[in-house]
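Q: Predicted model, plus sequence, below.
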Amino acid sequence: MARLSHRIIKETQHLLAEPIPGIKAEPDESNACYFYVVIAEEYPMAVPKVHFMTKIYHPNVDKLGRMYKWSQAPQICTVLLSIQALLNAPNPDDPLANDVAEQWKTNEAQAIETARAWSRLYSMNNIQVDLIIKCASLLLFSQD
């Protein structure tokens, strides 16, 4: 377990020193989607799991907000870059949300407009995110 923690700390320090540039949110930069990453004890043999806190209309994110179909990732940075790549270029040929993928294939312009509408409707502001983080912290630390 100490080796796992050391590796995660090292990777996190690297990300803090060299952050991955973000994606411009469309249609309005104030719309942001948030996700969290769960790193298992088996990491790096088990890939981190990603779960979007913001409801997102995307063929590679299921209805529960999970994005999990990728091969083993050697570093957390690779997982983050994979998320960024999928958000920039949805892959409807390998979907987690079949209905969204079908719309993306048959009417991409409408799918993009729906994604933008969901972004406006479901994006979270910083107050909501802070509240979620505080609630999650209370749950984690109250179980001791």
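A: In hand now; what should we look at?
Q: Give me the neighbour count for Trp118.
A: When neighbours are defined as other CB atoms under 10 Å, Trp118 has 17 of them. Every C-beta, even on glycine, is put in place using the N, C-alpha and C of the backbone.
Q: element containing it, please.
A: Taking DSSP states H and E as the definition, one finds Trp118 inside helix 108-122.
Q: Just the buried positions in that helix, please.
A: Ala111, Ala115, Arg116, Trp118, Ser119 (16 or more other CB atoms under 10 Å).
Q: Surely the second one touches Pro59?
A: No: when contacts are counted by CB atoms under 8 Å, Ala115 is not listed as touching Pro59 (9.8 Å).
Q: now the spatially most central residue of the chain: how far from Ala109?
A: The structure's the chain has its C-alpha centroid closest to Phe35; by CA atoms, centre = their mean the separation is 4.3 Å. Using CB to CB, to the nearest Å, Phe35 is found at 26 Å from Ala109.
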